[in-house]
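Asker: Here is the input, now give the coordinates:
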Amino acid sequence: MDAYDSAIRAACKTLRLPSIGQHYASIAREAEDQGLDYRRFLTAVLTQEVESRRSHQVAKHLREARFPVMKTLDQFDFSRRPEVPRMTCLAMADGNWITERKNCLLLGNPGTGKTHLALALGHAAIQAGHRVRFTTAMALAQDLSAANAEHRLSTRLKVWQRYALVIVDEVGYVPFEPTQAQLLFQFFADRYERGSLIVTSNLEYGRWGEMFGEATLTSALLDRLTHHAYCWTVLGQIEMDKVVNVIPQFGQQKFPKLVINTHIQ
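Answerer: Okay, here's the model as predicted:
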């Protein structure tokens with residue numbers, strides 16, 4: 001290492017350009033071999049730093065998203081779920097719908113791919129540069145209840161607002177206590193037109209009152225969730241026989257056909 005190498009590495013450390021400090025020598029050799037001019041060499045060096053930072057950011061955001069498993073859109077079998085618009089889902093991978101603070105609601109029987117699709121859209125959102133967080137509805141209700149009991153609900157809601165997209169899975173699998181229902185309504189209302197949501201549920205909209213226990217509250221909640229939203233019902237055969245055996249009514253539940261919300265802009 002000569003004086004120039006020492007100066008470059010010291011400058012990279014001061015300017016917090018670790019990837020350039022690590023790779024500039026090999027890039028310089030390639031540039032010399034290929035006869036690149038100074039601008040093309042500088043472009044290669046800066047591109048290396050940008051790509052490195054993006055890679056680290058994606059890895060960080062994937063960790064903080066707390067996905068139970070990694071799922072991607074190319075793993076989702078749209079041929080088995082023709083009611084889910086493939087081209088729309090693929091277009092959503094650019095994350096613009098999150099920038100526009102729209103929502104996505106996925107309804108249908110257990111085992112039909114709702115969570116897979118939600119996780120895949122969340123994964124794509126991270127690749128597009130957004131912060132995402134996954135939670136089940138009950139875990140979220142418990143989180144908000146604990147914060148409320150400790151008189152720090154407003155602070156906790158601000159923490160959730162840091163995420164451009166929150167995925168709330170399994171709404172309707174377990175009924176909520178009245179206080180939990182009110183806190184969830186507050187959570188959803190707090191994100192209205194401020195942050196995006198993906199919500200999955202095994203219950204059609206007409207039965208959401210069973211979860212929240214109050215017609216007025218349920219109506220106001222659905223109004224906020226479905227405004228500027230993609231609303232899809234995932235039909236098809238249930239893939240998990242054990243679900244049908246344990247909870248047979250799920251296999252018999254009737255769901256409406258695909259609904260595309262006309263409010264979406």
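Asker: per-residue confidence at residue 187?
Answerer: pLDDT recorded at residue 187 is 96.
Asker: I'd say it and residue 140 touch.
Answerer: Yes. Assessed by C-beta atoms under 8 Å, residue 187 is found in contact with residue 140 at 6.8 Å. All C-beta spots, glycine's among them, are computed from the backbone N, C-alpha and C.
Asker: need the contact list for the residue nearest to residue 130 when sequence neighbours are not counted.
Answerer: Among residues not flanking residue 130 along the chain, residue 164 sits closest, at 4.1 Å (C-beta to C-beta, 6 or more residues apart in numbering). Contacts for residue 164 were tallied using C-beta atoms under 8 Å, 6 or more residues apart in numbering; they are 98, 99, 125, 130, 131, 132, 195, 196.
Asker: Next: residue 57.
Answerer: Going by C-beta under 8 Å, 6+ apart, the list of residues near residue 57 reads residue 129.
Asker: cool, the one 4 residues further on as well?
Answerer: In this structure, residue 61 makes contact with 126, 130, 131, 132, judged by C-beta under 8 Å, 6+ apart.
Asker: where do the helices sit along the stretch 151-265 of the chain?
Answerer: 153-160, 178-191, 209-212, 215-226, 241-246, 248-252 (DSSP state H, counting those that start in this stretch).
Asker: Let me have the ones you listed in a markdown table, adding distance to residue 9 and mean neighbour count as columns.
Answerer: Compiled in a markdown table, the helices of the stretch 151-265 of the chain are given as follows (distance: least, C-beta to C-beta, whole Å; neighbours: other C-beta atoms under 10 Å):
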| stretch | distance to residue 9 | mean neighbour count |
| --- | --- | --- |
| helix 153-160 | 38 | 14 |
| helix 178-191 | 45 | 18 |
| helix 209-212 | 58 | 18 |
| helix 215-226 | 52 | 16 |
| helix 241-246 | 58 | 12 |
| helix 248-252 | 61 | 11 |
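Asker: Let's have these in CSV, adding distance to residue 113.
Answerer: Below are the helices of the stretch 151-265 of the chain laid out as CSV (distance: least, C-beta to C-beta, whole Å):
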stretch, distance to residue 113
helix 153-160, 26
helix 178-191, 23
helix 209-212, 22
helix 215-226, 20
helix 241-246, 13
helix 248-252, 14
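Asker: rank those by pLDDT, which is bottom?
Answerer: Across the helices of the stretch 151-265 of the chain, the lowest-scoring stretch is helix 241-246, with a mean of 31.
Asker: what about the residue nearest to residue 86 when sequence neighbours are not counted, how many residues close to it?
Answerer: Among residues not flanking residue 86 along the chain, residue 78 sits closest, at 4.1 Å (C-beta to C-beta, 6+ apart). The number of residues packed near residue 78 is 16, by other C-beta atoms under 10 Å.
Asker: What of residue 82?
Answerer: Using other C-beta under 10 Å: residue 82 sits among 11 other residues.
Asker: same question, the one 4 residues further on
Answerer: Using other C-beta under 10 Å, residue 86 has 13 other residues around it.
Asker: what's the closest residue in space to residue 73 that isn't next to it in sequence sitting at in phi/psi?
Answerer: Counting by C-beta to C-beta, 6+ apart, residue 73 lies nearest to residue 120, which is 4.5 Å off, once chain neighbours are set aside. Dihedral angles of residue 120 (phi, psi; degrees, to the nearest 10) stand at phi -70, psi -40.
Asker: Quick check: longest helix in this structure by residues?
Answerer: Taking DSSP state H as the criterion, the chain has its longest helix at helix 38-65.
Asker: Going by neighbour count, which residues of that one are buried?
Answerer: Neighbour counts over helix 38-65 (16 or more other C-beta atoms under 10 Å) mark 41, 44, 45, 48, 49, 52, 61, 62, 65 as buried.
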